[in-house]
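Colleague: sequence unknown, structure follows:
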């Protein structure tokens, strides 16, 4: 896919997002609007593409729709909706994790306090729901309701995953199996829904829609495991985070759960309490030597294969189809 | 309206709510489900009708629908949706206000921490959206989309009101006029939408739907002003709260804004900093003597008149219509 066409997608996504968020562009709630445009990466310190994130989910909606040979322009409100949901969850997640930085910038709660940040997250979710109702201008109401149903079930999965993630904090009895329901809700569900919705709006048949759903699901799992690996063994230079920061905050990522299950030196040290900065490099090495890296890497490869098989089954057409394949490849071989 | 018929409504509302929340009744997220059933007043310490609240909003949906001579049973998912939205906003509001008690019981964040309470509130909002899609079983998809659109615009108003409420904290330059956009979003919008949705689902004509919308709007404003009065001058015995607790927490209610605008003794003391418990009774008296009570009481009466006029214009039919009139009367003459 040409870079020009890709830019067309990206510009259309930003424009659709701006249209939704502009519902709050009113003088008496100016700061509320400012919080959202700051979070989306459009305004304030460090604004720009790096502050906006990759927009993977809306891109998946549009590419899937186009790969089913339908007009992706009509699906733009759905693309905006999935990205707004993603961002609503990020804003609340940052409060829940007490993370004061995202993409190198202060998070909403760090800048404007927890109460306003909770409300800003709620606002992004409402805007996502309004974006879905906007689909009514382009599609039959029945189809819009179907999309809404898929998306809201996905959001329920998101909150289930988030519940598990929070409940895992401070628990040292977790098994490797506990990883999957959390990650399924937190990451795979929305990527899966994004692909499924693209196919639904293209009025693809049931088997094709299901294949795209599977593609998004496995892509999400592979993406998350890859993220977990980078969170421990990605070099500072390539991730933009501090080295091994996931170990520092005690994140229950897949490699860590593998390490804990080994009941070796990694587990012994982990059980005592939070790791110190000066131990991180050694602990990352220890975790690798106890098999945490290899296990996660193998899983990421398996999930990638499953994603690619599902995508082949979906039989995507045209340039958009080629790009879905490219995107999968890039996301899973990325080092940031 | 007979007490028996009223009980039928209440039982149907609880049952519809339980049906929506049961989507989360799964063994691996048992505590998440428990948080929601606790918040709804069904389980845990102090469970029972007093812990559930008045269910005014779903009752308005059903009574409006029945007053338009349509089958209110079909509207039950919408009734559940408005109550779930109300409760989502309460859960987040309690975190934002740092309130550790609601209806005499510990709030969600006080029991399970802020991260889980944010997530539980998010979950209630998602369940509300799913309840709306459930309407598709009983109504045309176009009508369901219309209801969704009304409800989501209302939720955006809710977040606008909440933004203003939070932003008013610590501000001493507020005018009486600043009260209305806050209260419009925080209270009137959802009561108004509840009545409007009942009429929409009954397929009432535009003028009738609009009259019900106005009824809910003025009912909401009157209700909130009455609440403000009770929050300062309601006796502990009848409100179940500590006397004058709104003054203690520094809430920018209508009587307080009136008092501040007078630039008298009340304002002088308020400007210095938070009131002490031993000053509350005197300050409540001072505020009354400077006109805060009378102003608010007059406004509550004006709004009540506007609500009753709108309701007459809507021309509600049958027992449900009589009960809407009774309910208005009771809500606005309540002392708790």
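Modeller: Ah, there it is. Remember, it's a predicted structure, so these values are computed and weren't measured experimentally. Numbering: from 1, shown residues only, chains lettered A, B, ... in the order given.
Colleague: How about the residues of the stretch 1-150 of chain A by chain B?
Modeller: A:23-24, A:26, A:28-29, A:31-32, A:92, A:95-97, A:113-116, A:118-119, A:121-123, A:125-127, A:129-130, A:132-133, A:136, A:140-142, A:144-145, A:148-149 (C-beta under 8 Å from any C-beta of the partner chain). Heads up, the C-betas are built off the backbone N, CA and C, glycines and all.
Colleague: Selection in PyMOL covering whichever of the residues you listed are buried, please.
Modeller: A single PyMOL command selects the buried members of the residues of the stretch 1-150 of chain A next to chain B (16 or more other C-beta atoms under 10 Å in any protein chain shown):
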select buried, chain A and resi 23+24+29+32+92+95+96+114+115+116+118+119+121+122+123+125+126+127+129+130+132+133+136+141+144+145+148+149
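Colleague: Mind checking which of the residues of the stretch 1-150 of chain A next to chain B are in helices?
Modeller: A:31-32, A:92, A:95-97, A:114-116, A:118-119, A:121-123, A:125-127, A:129-130, A:132-133, A:141-142, A:144-145, A:148-149 (DSSP state H).
Colleague: in which helix or strand would I find the nearest residue to residue A:172 once chain neighbours are set aside?
Modeller: Spatial nearest neighbour of residue A:172, excluding adjacent residues (C-beta to C-beta, 6 or more residues apart in numbering or on different chains): residue A:271 at 5.7 Å. Element membership for residue A:271, per DSSP states H and E: helix A:265-272.
Colleague: name the helices or strands packed onto that helix?
Modeller: For helix A:265-272, the packing partners by 3 or more C-beta pairs under 8 Å, 6 or more residues apart in numbering or on different chains; DSSP states H and E come out as helix A:254-262, helix A:280-289.
Colleague: contacts for it?
Modeller: With contact meaning C-beta atoms under 8 Å, 6 or more residues apart in numbering or on different chains, helix A:265-272 is reached by A:172, A:256, A:259-261, A:275, A:279, A:283, A:286-287, A:290, A:292.
Colleague: Chain B contacts on the stretch 151-300 of chain A?
Modeller: A:152-153, A:155-156, A:158-160, A:162-164, A:166-167, A:181.
Colleague: at 7 Å instead, please
Modeller: When proximity is defined by C-beta under 7 Å from any C-beta of the partner chain, the stretch 151-300 of chain A lies next to chain B at A:152, A:155-156, A:159-160, A:162-164, A:166-167, A:181.
Colleague: buried subset of these?
Modeller: In these, the ones that pass as buried (16+ other C-beta under 10 Å) are A:152, A:155-156, A:159-160, A:162-164, A:166-167, A:181.
Colleague: The closest residue to residue A:213 other than its chain neighbours in helix, strand or coil?
Modeller: Nearest non-adjacent residue to residue A:213, counting by C-beta to C-beta, 6+ apart: residue A:196, 4.2 Å away. Assigned with DSSP: H, G, I helix; E, B strand; the rest coil, residue A:196 falls in the helix class.
Colleague: circling back: pLDDT added to the residues of the stretch 151-300 of chain A next to chain B, as TSV?
Modeller: Converted to TSV, those look like this (pLDDT from 0 to 100):
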residue	pLDDT
A:152	98
A:155	98
A:156	98
A:159	98
A:160	98
A:162	97
A:163	98
A:164	97
A:166	96
A:167	95
A:181	96
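Colleague: Out of these, which comes closest to residue B:310?
Modeller: residue A:152 (32.8 Å; C-beta to C-beta).
Colleague: what's that closest one in contact with, if anything?
Modeller: Neighbour list for residue A:152: B:126, B:129-130, B:133 [criterion: C-beta atoms under 7 Å, 6 or more residues apart in numbering or on different chains].
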